[in-house]
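# output the structure for:
(2 chains)
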Amino acid sequence: MDFFVQLFTDPVAFWNSHTLLIAQIGINSIIASSMFIVLYSGQLSLAAPGFMAIGAYTAVLMDLYWHTPLALNIAAGVVLAGATGVLVGLPVLRLRGVFLAIATIGFIEALRLGVILNLPITGEGLGLKNVNPDPLGGIYLVLVSLAVVLFLMWRLTKGRLGAAWAAIRQDELAALSQGINVARYKMIAFVLSAVLAGFGGALESHLQTFVDPGDQQYGVTRAVQVLSFAVLGGSGHFVGPVIGALVVTSLPWIFVQALNYINVVTGLFLIAVIVFRPQGIVGRGGLAIIRPWWWPRRNVHAPSPG
Amino acid sequence: MLLRLDNVQRHFGGVHAVDGVSLEVEQGSIHGLIGPNGAGKTTLVNVITGYVPFQSGHAWLQSDELTGLPAHSIAALGISRTFQNIRLFKDLTALENVVVGMHTRRRDDTLAQIATLPMFRRDQRSRTDDARALMETVGLAAGEIADRAAGTLPYGDQRRLEIARALALRPRLLILDEPAAGMNPSEKQGIRELIEHINKDGLTILLIDHDMRLVMSVCKRVAVLDFGRKIAEGTPAEVSTDAGVIKAYLGTGGEREVTSAPGASAGADTETAIEQAPSRHPDSEPQTAILEIEDLTVSYGAVNAVRGASLRVATGEVVALIGANGAGKSTILNTLSGLIRPDSGTAVFDRLDLTRAKPSTIVHHGLVQVPEGREILARQTVLENLELATWGQRDGAAKRTQIEAVMKRFPILGERRALRAGTLSGGEQQMLAIARGLLARPRLLLLDEPSLGLAPQMVDEVFKAIQEIHDEGTTILLVEQNALRALEIADRAYVLETGQIRLTGTGDDLLHNPAVRRAYLGG
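As a prediction, the model looks like this:
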């Protein structure tokens, strides 16, 4: 439990010794927000790692060949991920539920195994060296980006767009009867999610010395990890997946003695949440779970009759 | 004319669901659309609202052509609808549901929100006020339920909330698809007043319902569909005396049902009923019973569904348990089947304590329930459904003879053995559910609402089948909302009201007892 002892007794030392962890939590939170948007609009899409790969490779390659500034590299990665999102979304958004999940897994594996591992420019299976990494200094960029992303999520879910997404998630046919263009709003959600994933991927590559085309980075393993953020934290409120990312990313550092069995620990944790709190740690209430007892309640939900 | 349909057709495979219907709905009127089960009413609504594409024909809303438009565009043009089986956004609050309905008349405020402009806040407040006002219009107490998840509201409130959500669209035409389904007469009266109230402000309504009395009382004009064709149209008086309509919709003997259904001519009877109501006379109950329920109390959380009910069923009887929606009828049956555990009281079936036994043990002991809503496996064939019912038995040959026997009992099932159960009509599905119950070789058969959602002719057939099963020696406990039909075939009956047994007597006694109506109308 050194982790918590240090966190509470000496935050400065904690920051210095866990900079990489905190940066990774920030990046995973951005990816989790990408997952949140699709789930919030009722689409079980696992395409995030594919868009991350597009963002990452684009940013690193631009730096390598054209020596463009960081902001431009990231922006290019985001735009390319968004454009790919439109192309992928057109066919696959006709699918629902597990069928959509399978199709998006098809997309990420086709991209990784078919394209990235075969193109000389992406370094094939060997990966790509990042010539200008900034593992420690990048954390400020990550934290500022996360703050902006969370602010956007908060505002988007409050307005017309968020209301339309929630309606579609609950019942597509009823949403149609309210004049909501379901196909259009699903596409908006899918492309926004692609943009965020591309942004997260580009940021991540900036912190790393090496872009690794492995499965745990841009493959199904990563997709499942991202999904676990949302399942653990809950996908009814934008804070949920971020809390999920925080927990899942920190677990290996908290249970450092059990590092060899960390997947077992994470799995048990996941099962416990699914059994005891199926709506996720946060549920629909958002930050209400950390509401101190003296803080006034906003929405008083009456008990439901049987 | 607000809505004009011209020769609309829609076929599903060989089935002519809508077959050349032309219809005109006048601005500001309440137009009725009726017809027996499977007449194509809901399909016609789905075609008008864009859920199902046109095959041929045209439709206009004033000067806007609807043909070929997607559903959301048609909604945006000003046609909003409710659904036969309520489709609220269950996890959103009641208020959020209504706000979603304002989607089309709300400008895209994404940038305003991101900039957190005060404009957004102000608009949001006016939307919330609008939504609350709409909830009050349809008779919901916005102050109490606005922040509750829509799925947790009582059934009647959900129906009303769905209407509020449809009104939020500010439609030119409102289509109500069976708004009073599953309601008791006093709740139906409330829905009727609501429909008249929202029509008074000039909103045109197309009303689809099974309940003839509701449609006849509020509509200025009524169109009648049968097998996808419009067979009559006119004022309620004209339609209700049309020979073709009576034959198609009401079946034989249907007129009696319309004139004598509970609540049809309430009023004077209701007052006298209270004095005349016979007190419980347990001496009419049998001394030896195969099923004995004593002082049973069941609750869901804080809600008491059944409060100290006692009843008995003797071997060879048909006993009916009647009462309005929510009286606790299904709760009693589910308790007997071991699906719900009671708080207190005893229930004994042939020396087996039903309050403790496992559901599977109870079935093996010979107490079999045919559940409300039939619960057949829609994607399996009829034969597969029946085979599954004999799953517990090992002797293959015996299974086959049993299945052959029930197919002889219900010849229609034999004819359709290879069809998927979901393609059967409602009445045939009910037969299948009863046949499945019989395969478990019950000594006591519990039937929960066998007439639910069936057109009158089908109700006749189902009740005929129940009578025959009884004649063959099966004891039956029958739960029905359709009290008059249940009392006709019952030896004895209990009237349940808000979880308590109010009356008991022979079927004939209660059939002519005006106090039965009181149990339905809630006094």
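# contacting residues around B:Leu3?
By Cβ atoms under 8 Å, 6 or more residues apart in numbering or on different chains, the contact list for B:Leu3 reads B:Leu23, B:Glu24, B:Val25, B:Ile48, B:Ala59, B:Trp60, B:Leu61, B:Ile79, B:Leu173, B:Thr204, B:Leu206. Any C-beta I mention is one placed from the backbone N, CA and C, and that applies to glycine too.
# pull the longest helix from the chain.
Assuming you mean chain A. Of all the elements of type helix in chain A, the one with the most residues (DSSP state H) is helix A:182-207.
# please go with chain B instead
With secondary structure taken from DSSP H, chain B has its longest helix at helix B:118-137.
# packing partners of the next helix or strand after that helix?
Of the helices and strands lying after helix B:118-137 in sequence (DSSP states H and E), the nearest is helix B:142-145. Helix B:142-145 sits against helix B:94-100, helix B:118-137, with contacts defined as 3 or more Cβ pairs under 8 Å, 6 or more residues apart in numbering or on different chains; DSSP states H and E.
# before we move on, the earlier item: adding secondary structure, pLDDT and distance to chain A, write the contacts of B:Leu3 out as TSV.
Shown next, in TSV, are the contacts of B:Leu3 (DSSP: H, G, I helix; E, B strand; the rest coil; pLDDT from 0 to 100; distance: Cβ to the nearest Cβ, whole Å):
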residue	secondary structure	pLDDT	distance to chain A
B:Leu23	strand	92	20
B:Glu24	strand	92	23
B:Val25	strand	93	18
B:Ile48	helix	92	12
B:Ala59	strand	91	16
B:Trp60	strand	91	18
B:Leu61	strand	92	13
B:Ile79	strand	94	9
B:Leu173	strand	95	13
B:Thr204	strand	95	17
B:Leu206	strand	95	14
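# what about these, which one has the most neighbours?
Counting neighbours by other Cβ atoms under 10 Å in any protein chain shown, B:Ile79 leads these with 29 neighbours.
# so how many other residues sit close to the closest residue to B:Gly414 other than its chain neighbours?
In this structure, B:Gly414 finds its nearest non-sequential neighbour in B:Met407, 3.7 Å apart by Cβ to Cβ, 6 or more residues apart in numbering or on different chains. Here the count is done by other Cβ under 10 Å, and B:Met407 has 19 residues near it.
# in the helix or strand containing B:Met407, what's buried?
Following DSSP H and E, one finds B:Met407 within helix B:396-409. Burial within helix B:396-409, assessed by neighbour count using 16 or more other Cβ atoms under 10 Å in any protein chain shown, is assigned to B:Lys399, B:Gln402, B:Ile403, B:Val406, B:Met407, B:Arg409.
# next SSE downstream of that helix?
Counting by DSSP H and E, the next helix or strand C-terminal to helix B:396-409 is helix B:411-415.
# list the beta-bridge partners for the closest residue in space to B:Asp91 that isn't next to it in sequence.
Spatial nearest neighbour of B:Asp91, excluding adjacent residues (Cβ to Cβ, 6+ apart): B:Ala149 at 5.7 Å. Per DSSP bridges, the residues bridged to B:Ala149 are B:Thr93.
# thinking again about what came up before, check which helices and strands the longest helix of chain B sits against.
Using 3+ Cβ pairs under 8 Å, 6+ apart: helix B:118-137 touches helix B:94-100, helix B:110-114, helix B:142-145, helix B:155-167.
# out of these, which gets the lowest mean score?
Here the lowest mean pLDDT among the helices and strands packed on helix B:118-137 goes to helix B:110-114, at a mean of 77.
# which neighbouring elements make contact with that helix?
When contacts are defined as 3+ Cβ pairs under 8 Å, 6+ apart, helix B:110-114 sits against helix A:138-158, helix B:118-137.
# and for that helix, what's in contact with it?
Applying Cβ under 8 Å, 6+ apart, the contact partners of helix B:110-114 are A:Leu152, A:Arg155, A:Leu156, A:Lys158, A:Gly159, A:Arg160, A:Leu161, B:Met119, B:Phe120, B:Asp123.
# so which residues of the stretch 201-306 of chain A form helices?
A:215-218, A:220-233, A:239-254, A:262-276 (DSSP state H, counting those that start in this stretch).
# which parts of the stretch 101-250 of chain A sit against chain B?
The stretch 101-250 of chain A comes close to chain B at residues A:152, A:155-156, A:158-161, A:163-164, A:166-167, A:170-171, A:173-182, A:236, as judged by Cβ under 8 Å from any Cβ of the partner chain.
# picking that back up, right, so of the helices and strands packed on helix B:110-114, which gets closest to B:Ala237?
Closest of the helices and strands packed on helix B:110-114 to B:Ala237 is helix B:118-137, at 30.5 Å (criterion: Cβ to Cβ).
# how about the closest one: buried residues?
For helix B:118-137, a neighbour-count test (16+ other Cβ under 10 Å) marks B:Phe120, B:Asp123, B:Gln124, B:Arg127, B:Thr128, B:Asp130, B:Ala131, B:Arg132, B:Leu134, B:Met135, B:Thr137 as buried.
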